[in-house]
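In: 3D, please:
(chains A and B)
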Amino acid sequence: MSEPLVGVLALQGDFDEHEVALQALGLRTRQIRRAADLVGLRGIVLPGGESTTMLRLLDVEGLWEPLGAALRSGLPVFATCAGMILLAARVENPQQRSYALLPITVVRNGYGRQLHSGTFALESTVLPAGTTGTFIRAPRITHVDGGCEVLARRGGDPVLVQCGPILAACFHPELALRHPVCARFAAMVREQEAAPAPAAAMMA
Amino acid sequence: MAKKTAPAKKSKSTSKSSNAVPGFTAEELVSKIGFCEQLKGGVIMDVINVEQAKIAEAAGACAVMALERVPADIRKHGGVSRASDPGMIAAIQKAVSIPVMAKVRIGHFVEAQMLEAMEVDCIDESEVLTPADEEFQIDKRGFKTPFVCGCRDLGEALRRIHEGAAMIRTKGEAGTGNVVEAVRHMRALMGGIKALAGANAKAIKEAAKAMRVPADLVAWVAVNQKLPVPNFSAGGVATPADAALMMQLGAEAVFVGSGIFKSGDPAVRAKAIVRAVTHYQDPKVLVEVSTGLGEPMVGIDINTMAPSERLAGRGV
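Out: Next up is the predicted model:
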């Protein structure tokens, strides 16, 4: 059986790095630039980049609705940085539109400008000890509602959350070689692939 | 368990940024180069005030370059061109949520210190401004802020990377609206990388000597067949087709200087170029975005320019 195919939103950002990271874990990848690219996927990745740029292009390409349907279908979703901003229920600094599929509040550039970017230790009970995360003009999660599990923190702040089939990070696991967060997403994709008659596959 | 299978589709980058790059610490690799990677597939637009910065952000720019005069006006104005008024840069930082870059003169490390103190997201050590040092470029390793530098070929690119640049762009010939020099520089750069494929130790050593950079940096490029930092394009891009041309030639993102705000309808042109960079391989989309764009900036034929008017020869 061929490896599951995961779509990576490729409007702008480091989609290339996400593809390389997931291919290293054995997944196949496809770049998503138009609605037709959503057919037959077993997972979706919303990469890092600029959320304002992605929002505009989602509208122009007529992708906002079709991508939203795919994101709501129950497929495993992996979102980093700007990708997480697209999914958050509430976005601040400034306020902007989102899919509101993650019950969290995020503040854009919540850790400051690029000068404050860097790699920081993560506190987590599910990731291997010593796992770090690279934060680049990262969004800051200021509130997490019920139904959303916090998988890792940085200095007390939630920075890795999971809500059902959606895994989202403030930091950039794709920039590290075989980061455990990428491996976790790959496992989610394989688990759902193995599950009998997944509803998501029928809808996609 | 992770299985080692051949990737179904060859991706543009073949190596991870966590692979050691000669001269960069692991932390610099992810934070400085990682920042530049977030700009990929995007358009960085020159803006001279808050109003233009807002237009650029609304059009989908992934970053703005704040400067007092776009290159076309720097040409017209003449005299010594320096880093911009900090007040203007600060106002733009306040007005937009996307990254804000700014330019310093080649070798002017104090202008760079000031931009870092202002927390500008990325510093362009730029030949568009009048060079402050004709011998030394800034030692960019001493800064936490990532630098972008221009190049005309692989040797210039590697010298800048060795000095600590986290992103390379072609120089092109800024402020001309003429893409010919950017094309020349991108072809020279990509050709230089290709020529190193399979080079033996002796050839690497000779190339390193000719380019005046350490042999391990040349060896990295020979093996990985790309630059160890993102490779963007700049200098003369005026139309969506120009932007797509540079992407097809190997650029990973595009800087547009005078091309947008010196055109007839900046907002429409900005949006069109953003879309052209995303769909650079789709001529149908390029036709769509290029239709009814209004007047492009008036270009300059490079061949009619005196050598002294050319900016690309600054800082080699």
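In: Helices along chain A, start to end?
Out: Here chain A has its helices, by DSSP state H, at A:15-24, A:51-60, A:64-72, A:82-87, A:180-194, A:199-203.
In: Check those helices for me: which has the lowest mean pLDDT.
Out: The stretch with the lowest mean pLDDT among those is helix A:199-203, which comes in at a mean of 47.
In: now do the same end-to-end measure for stretch B:220-228.
Out: The distance separating the two terminal residues of stretch B:220-228, taken as CA to CA, to the nearest Å, comes to 8 Å.
In: In terms of pLDDT, where does the nearest residue to A:G83 once chain neighbours are set aside sit?
Out: By the measure of CB to CB, 6 or more residues apart in numbering or on different chains, the closest residue to A:G83 outside its immediate chain neighbours is A:L46, 2.9 Å from it. Heads up, the C-betas are built off the backbone N, CA and C, glycines and all. Confidence at A:L46, expressed as pLDDT, is 98.
In: got it, and B:E111?
Out: Looking at B:E111, its pLDDT reads 97.
In: in which helix or strand would I find it?
Out: Secondary structure assigned from DSSP states H and E places B:E111 in helix B:109-117.
In: Report whether that helix contacts chain A.
Out: Yes - figure legend: helix B:109-117 in contact with chain A (CB under 8 Å from any CB of the partner chain); contacting residues B:E116.
In: Compute the first-to-last residue distance for stretch B:207-227.
Out: 15 Å.
In: so, in contact with chain A or not, it?
Out: No - counting by CB under 8 Å from any CB, chain A has no neighbours in stretch B:207-227; the shortest distance is 11.2 Å.
In: Show me the contact partners of that stretch.
Out: For stretch B:207-227, contacts defined as CB atoms under 8 Å, 6 or more residues apart in numbering or on different chains pick out B:13-15, B:19, B:21-23, B:154-155, B:157-159, B:161-162, B:168, B:189, B:193-194, B:196-199, B:204-205, B:228.
In: rewinding a little: columns distance to B:L245 and mean neighbour count on top of the helices of chain A, output as a markdown table?
Out: Written out in a markdown table, the entries for the helices of chain A read as follows (distance: least, CB to CB, whole Å; neighbours: other CB atoms under 10 Å in any protein chain shown):
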| stretch | distance to B:L245 | mean neighbour count |
| --- | --- | --- |
| helix A:15-24 | 20 | 25 |
| helix A:51-60 | 20 | 22 |
| helix A:64-72 | 29 | 17 |
| helix A:82-87 | 27 | 26 |
| helix A:180-194 | 34 | 19 |
| helix A:199-203 | 40 | 14 |
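In: For the chain, give me the ranges with low pLDDT.
Out: I went with chain A, as the question did not name one. Per-residue confidence for chain A (pLDDT under 70) gives these ranges: A:1, A:196-204.
In: Chain B, not that one
Out: Along chain B, segments meeting pLDDT under 70 span B:1-19.
In: Longest helix of it, counting residues only.
Out: Using DSSP H, we find that the single longest helix of chain B is helix B:180-195.
In: Excluding chain neighbours, what is closest to B:E252?
Out: In this structure, B:E252 finds its nearest non-sequential neighbour in B:K40, 4.7 Å apart by CB to CB, 6+ apart.
In: scratch that, B:E156
Out: Closest residue to B:E156 in three dimensions, ignoring its sequence neighbours and counting by CB to CB, 6+ apart: B:V316, at 6.1 Å.
In: That neighbour: neighbouring residues, count only.
Out: The number of residues packed near B:V316 is 15, by other CB atoms under 10 Å in any protein chain shown.
In: three-state assignment of B:R275?
Out: Using DSSP: H, G, I helix; E, B strand; the rest coil as the criterion, the local structure at B:R275 reads helix.
In: got the contact list for it?
Out: For B:R275, the contacting residues are A:57, A:60, B:60, B:240, B:285, B:289, taking CB under 8 Å, 6+ apart as the criterion.
In: Same list as before, those residues that is, but in a markdown table and with distance to B:V183 included.
Out: Shown next, in a markdown table, are those (distance: CB to CB, whole Å):
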| residue | distance to B:V183 |
| --- | --- |
| A:L57 | 26 |
| A:V60 | 27 |
| B:G60 | 24 |
| B:P240 | 16 |
| B:V285 | 21 |
| B:V289 | 20 |
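In: Flag every buried residue along the longest helix of chain B.
Out: Across helix B:180-195, burial judged by 16 or more other CB atoms under 10 Å in any protein chain shown covers B:180-186, B:188-190, B:192-193.
In: for stretch B:20-31, same thing?
Out: If you call a residue buried by 16+ other CB under 10 Å, then stretch B:20-31 has these buried ones: B:21-24, B:28-31.
In: Check those and tell me the two furthest apart.
Out: Farthest pair in the buried residues of stretch B:20-31 (CB to CB) is B:P22 and B:S31. Separation: 17.8 Å.
In: residue ranges for the strands of the chain, please.
Out: Assuming you mean chain A. A:5-9, A:28-32, A:44-46, A:77-80, A:88-92, A:102-107, A:118-121, A:123-124, A:132-135, A:140-144, A:149-154, A:157-163, A:166-169 (DSSP state E).
In: not what I meant, chain B
Out: With DSSP E as the criterion, chain B has strands at B:43-47, B:63-66, B:100-105, B:122-126, B:147-151, B:167-170, B:231-232, B:254-256.
In: Just send those back as CSV, with mean neighbour count and distance to A:G147 too.
Out: Written out in CSV, the entries for those read as follows (neighbours: other CB atoms under 10 Å in any protein chain shown; distance: least, CB to CB, whole Å):
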stretch, mean neighbour count, distance to A:G147
strand B:43-47, 28, 38
strand B:63-66, 27, 35
strand B:100-105, 26, 37
strand B:122-126, 26, 38
strand B:147-151, 28, 42
strand B:167-170, 29, 40
strand B:231-232, 24, 41
strand B:254-256, 30, 42
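In: Pipe these into TSV and attach distance to B:V298 per row.
Out: Listed next are the strands of chain B as TSV, based on distance: least, CB to CB, whole Å:
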stretch	distance to B:V298
strand B:43-47	16
strand B:63-66	21
strand B:100-105	23
strand B:122-126	22
strand B:147-151	23
strand B:167-170	22
strand B:231-232	25
strand B:254-256	16
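In: Identify whichever of the ones you listed lies nearest to A:Q162.
Out: strand B:63-66 (30.7 Å).
In: Show me what that closest one packs onto, helices and strands only.
Out: Contact analysis of strand B:63-66 by 3 or more CB pairs under 8 Å, 6 or more residues apart in numbering or on different chains; DSSP states H and E lists strand B:43-47, helix B:50-59, helix B:86-95, strand B:100-105 as its packing neighbours.
In: if you set the cut-off to 7 Å instead, what comes out?
Out: strand B:43-47, helix B:86-95, strand B:100-105 (3 or more CB pairs under 7 Å, 6 or more residues apart in numbering or on different chains; DSSP states H and E).
In: For B:V229, give its distance to B:V148.
Out: Remark: distance between B:V229 and B:V148 (CB to CB, to the nearest Å) = 9 Å.
In: Next, show the common contact partners of these two.
Out: Here B:V229 and B:V148 share the contacting residues B:165, B:167, scored by CB atoms under 7 Å, 6 or more residues apart in numbering or on different chains.
In: rewinding a little: for the residue nearest to A:G83, name its beta-bridge partners.
Out: Per DSSP bridges, the residues bridged to A:L46 are A:A79.
In: Contact residues of the stretch 151-300 of chain B facing chain A?
Out: Applying the criterion CB under 7 Å from any CB of the partner chain, the portion of the stretch 151-300 of chain B that neighbours chain A consists of B:274-275, B:278-279.
In: returning to that earlier point: quick one: which of the strands of chain B is nearest A:A100?
Out: Closest to A:A100 of these, according to CB to CB: strand B:63-66, at 26.5 Å.
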